[in-house]
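In: The amino acid sequence is not available; the structure is as follows:
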């Protein structure tokens, strides 16, 4: 699986610009959400979503097994 986003270790000028632009957009989006929440009367912004790794690492319940018919005797 390829490294993506902040986990991408490439350091060429092109990648630095690309990562910087992504970070800037994320920062602006976060700030606009904070301002919008403040304008609505100081309501707290919704909690950030969990990462997909955290969801994947959570223990999954075992699958339900179909009942087996009793053996004929």
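Out: Here it is on my side, so go on. Computed from a prediction, not measured in an experiment: that's the story for all the values here.

In: which intervals of this structure have sub-threshold pLDDT?
Out: Residue ranges of the chain with pLDDT under 70: 5-6, 42-46, 51-64, 66-67, 73.

In: Regarding it, what is its longest helix?
Out: helix 13-39 (DSSP state H).

In: how close does residue 20 get to residue 48?
Out: As defined by C-beta to C-beta, to the nearest Å, residue 20 lies at a distance of 21 Å from residue 48. C-beta coordinates here come from the backbone N, C-alpha and C atoms, glycine included.

In: Of these two, which one has the most company?
Out: Counted by other C-beta atoms under 10 Å, residue 20 and residue 48 do not tie: residue 20 has more neighbours, with 10 against 7.

In: show me what contacts that one?
Out: By C-beta atoms under 8 Å, 6 or more residues apart in numbering, the contact list for residue 20 is empty.

In: Any figure for the gap between it and residue 27?
Out: From residue 20 to residue 27 the distance is 10 Å (C-beta to C-beta).

In: Likewise for residue 72?
Out: 69 Å.

In: do the same with residue 18
Out: On the measure of C-beta to C-beta, residue 18 and residue 27 end up 15 Å apart.

In: Looking at the two, which has the bigger crowd around it?
Out: Between residue 18 and residue 27, counting by other C-beta under 10 Å, residue 18 is the more crowded of the two (14 against 10).

In: can you count the residues close to residue 15?
Out: Around residue 15 there are 12 residues (other C-beta under 10 Å).

In: Surely it is in contact with residue 8?
Out: Yes - using C-beta atoms under 8 Å, residue 15 is in contact with residue 8, at 6.8 Å.

In: what's around residue 16, how many residues?
Out: Neighbours of residue 16 (other C-beta under 10 Å): 11.

In: brain fart, residue 12
Out: Neighbours of residue 12 under the rule other C-beta under 10 Å: 8.

In: ditto for the one 10 residues further on
Out: Residue 22 is surrounded by 12 other residues when neighbours are defined as other C-beta under 10 Å.
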